[in-house]
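J.: 3D model of this:
(chains A and B)
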2 protein chains.
Amino acid sequence: MLDVCLLGTSGMMPLPRRALTSLMTRFEGSSLLIDCGEGTQVSIREKGWTLHDIDVIALTHVHGDHVGGLPGLLLSMGSAQRTEPVDFVGPKGIKKVVDSLRVIAPGLPYEIRYTELTEKFHRIEMKGYTLEAFKLRHTVTCYGYSQVVNRVGKFDAEAAKSQGIPLEFWSRLQKGETIEAGDKVYTPDMVLGPDRKGLKVTYCTDTRPIPEIAECAAGADLFICEGMYGEDELREKAIEKKHMIFSEAAELAAKAEVGELWLTHYSPSLIRPKDYVENVRNIFPNTKAGKDRKSITLKYTDEED
Amino acid sequence: MLDVCLLGTSGMMPLPRRALTSLMTRFEGSSLLIDCGEGTQVSIREKGWTLHDIDVIALTHVHGDHVGGLPGLLLSMGSAQRTEPVDFVGPKGIKKVVDSLRVIAPGLPYEIRYTELTEKFHRIEMKGYTLEAFKLRHTVTCYGYSQVVNRVGKFDAEAAKSQGIPLEFWSRLQKGETIEAGDKVYTPDMVLGPDRKGLKVTYCTDTRPIPEIAECAAGADLFICEGMYGEDELREKAIEKKHMIFSEAAELAAKAEVGELWLTHYSPSLIRPKDYVENVRNIFPNTKAGKDRKSITLKYTDEED
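T.: So this is what the prediction gives:
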């Protein structure tokens, strides 16, 4: 299972009860944070999650509303006695910006490592999942991200037995390892059924709608997408500011055939995002207005409650 | 009158409903901000005050919990179309830190100016008031501040008339100006009664209690002082961390003969500060537990409601 929580849903500036942009997920004890606007660490506490286990921080870009909460978060992770390294992922230049913000968080008890993105598409193997980064179209270089949890086929104990595979190799084969023992070679496909549906969440803010987004979000269980403005009448403004209106996000969701769409990164002028969601349900029915600490636990199709 | 609002009361890290340390005052259209922890700009909005009019930002020191909200605040002041310069005051080194944090707030539509403090005591004339800075005792260089509004004596129109002072000079004399006209010299004391009681608020966090604090807070209408821990049993810890317990703050308030004492800058471990206030009222009766957005309007003694 994969826990997903939208920590903040405001774009540009924080409002009471609407923190700046941030998303957190938890998978098998490892947390991923995407963006960290001012207010992120408080939202994590309010949700009751821990900031100690944030292994990866992916940044879409380095505008203030997406990274202003970083120094405080890093300090608090230090106070929470984290000692394992933290991996930053983001567009070229993030190291310089994060290092500069760290003027007030100089001596941390853990290492910070950077992966700077330069290509249109990156696939990075993380803690049991794949982080896919794809370039967006904004006023500065900006990336969207998919967290993809692949799932191998079901282990077939009968097949393992009938082929005489020693019990000691079973768990390694289940994890996808090929094993050579003497003159014999055991491969995972000997004991695993066909790949099963995994889990996928795609997150994308600060961009115009480009076809690559639908391609990279294809089949996601959850697609979290910016909707800076609710009204169709603000399309021109969205084009000028390199943002999206709700209906553009809904069109991407429909094209990508995702499970559900959550809107986020609202303009401060958008007081009640919910009021505009109904208008775009004819484009993509399963559209929801994100709000701070809206969360979901994505489960494998055969996973029990 | 002088409006005072405690924007955040948390030390070290922000909690839900307890933002990091910050104080704001408003005097004759000019706002003073002392410290700017993460969450300051949201607290200003929640209070319903404007960040546009912040002319002066005084920093006690540059620990993360006192300055982490600066880049977001400066960006939002830009969005609020501020164009007048903003004056920073604080210990030597603030320019370097603020400039470094400004990596995410590079192009602001207003100038930032710095006054770096080096002496034990500074008196700076500001927008109609005096900012007094006094050195504290913390793990790094740290200053406390008093905002002092002096008030000249009442204008005596009868005295002005009887001395034959031309009407055109009255308002300048009232403002304290000495005027030479031909062979005559008119001085303010010719038309003003004795100085009247002004207003004074003193703010002091991140320090051990030193005698200078009581001297600099002497006679303040409101003394806002750190109380990192409530229990007397934590005195040793307070000494080690260079902070104060409630009773030490109350002793300073009693010595300084202030009007009232508000405690602030609580340790995250101090869940209900109010529970410990009663214990120190035998030291200083008018002690109150500060909380986010606790505010007061200080008035001249003869000012009407």
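J.: can you show me the strands along the stretch 201-305 of chain A?
T.: For the stretch 201-305 of chain A, applying DSSP state E, counting those that start in this stretch gives strands covering A:222-226, A:260-264, A:287-289, A:294-298.
J.: what angle separates the first one from strand A:294-298?
T.: Looking back up the chat, that one is strand A:222-226. Calculated by axes from the mean of the first three to the mean of the last three CA atoms, to 10 degrees, strand A:222-226 forms an angle of 150 degrees with strand A:294-298.
J.: strand A:222-226 pairs with which strands, parallel or anti?
T.: When sheet partners are counted by DSSP bridges, strand A:222-226 sits next to strand A:196-204 (parallel), strand A:260-264 (parallel).
J.: what's that strand in contact with?
T.: Here strand A:222-226 makes contact (CB atoms under 8 Å, 6 or more residues apart in numbering or on different chains) with A:4, A:6, A:11, A:23, A:200-207, A:213, A:217, A:243-244, A:249, A:252-253, A:256, A:258-265, A:290, A:296, A:298. Heads up, the C-betas are built off the backbone N, CA and C, glycines and all.
J.: out of the strands paired with strand A:222-226, deepest packed?
T.: Highest mean neighbour count among these (mean count of other CB atoms under 10 Å in any protein chain shown): strand A:260-264, with a mean of 26.
J.: tally of neighbours for residue A:187?
T.: By the measure other CB atoms under 10 Å in any protein chain shown, the count of residues near residue A:187 is 12.
J.: the helix or strand where residue A:7 lies: what's the following helix or strand?
T.: Taking DSSP states H and E as the criterion, the element that holds residue A:7 is strand A:2-8. Later in the chain than strand A:2-8, the nearest helix or strand by DSSP H and E is strand A:22-27.
J.: how far does that following strand sit from the chain's center?
T.: Taking CA atoms, centre = their mean, to the nearest Å, one finds strand A:22-27 lying 6 Å from the centre of the chain it belongs to.
J.: residues contacting the nearest residue to residue A:302 once chain neighbours are set aside?
T.: Leaving out its chain neighbours, the residue that sits closest to residue A:302 by CB to CB, 6 or more residues apart in numbering or on different chains is residue A:196, at 7.5 Å. Residue A:196 is in contact with A:151-154, A:300-302, counting by CB under 8 Å, 6+ apart.
J.: of those residues, just the buried ones, PyMOL syntax please.
T.: Selecting only the buried entries of those in PyMOL, with 16 or more other CB atoms under 10 Å in any protein chain shown as the criterion:
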select buried, chain A and resi 152
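J.: mind putting the contacts of residue A:196 into JSON lines with pLDDT?
T.: Shown next, in JSON lines, are these (pLDDT from 0 to 100):
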{"residue": "A:151", "pLDDT": "89"}
{"residue": "A:152", "pLDDT": "85"}
{"residue": "A:153", "pLDDT": "89"}
{"residue": "A:154", "pLDDT": "89"}
{"residue": "A:300", "pLDDT": "93"}
{"residue": "A:301", "pLDDT": "86"}
{"residue": "A:302", "pLDDT": "79"}
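J.: closest one to chain B out of the contacts of residue A:196, please.
T.: residue A:300 (32.7 Å; CB to the nearest CB).
J.: list the contacts for that closest one?
T.: A:1, A:151, A:196-199.
J.: please save the CA atoms from stretch A:90-103 in CSV.
T.: Presented in CSV, the C-alpha positions along stretch A:90-103 are these (Å, rounded to 0.1, in the frame of the first residue of the first chain):
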residue,chain,number,x,y,z
GLY,A,90,15.2,18.3,-8.9
PRO,A,91,16.2,20.4,-11.8
LYS,A,92,19.8,21.5,-12.4
GLY,A,93,20.6,24.2,-9.9
ILE,A,94,18.8,22.8,-6.8
LYS,A,95,22.1,22.3,-4.9
LYS,A,96,23.0,25.9,-5.1
VAL,A,97,19.5,27.0,-3.9
VAL,A,98,19.2,24.5,-1.1
ASP,A,99,22.8,25.2,0.0
SER,A,100,22.0,28.9,0.1
LEU,A,101,18.8,28.4,2.1
ARG,A,102,20.8,26.2,4.5
VAL,A,103,22.6,29.3,5.8
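J.: please see if that stretch touches chain B.
T.: Yes. Against chain B, stretch A:90-103 shows contacts by CB under 8 Å from any CB of the partner chain at A:96-97, A:100-101, A:103.
J.: of the residues you listed, keep whichever come out buried.
T.: A:97, A:100-101, A:103.
J.: give me the number of residues near the residue of the stretch 201-305 of chain A found nearest chain B?
T.: The minimum distance from the stretch 201-305 of chain A to chain B, using CB to the nearest CB, falls at residue A:268 (8.7 Å). For residue A:268, the count of nearby residues is 15 (other CB under 10 Å).
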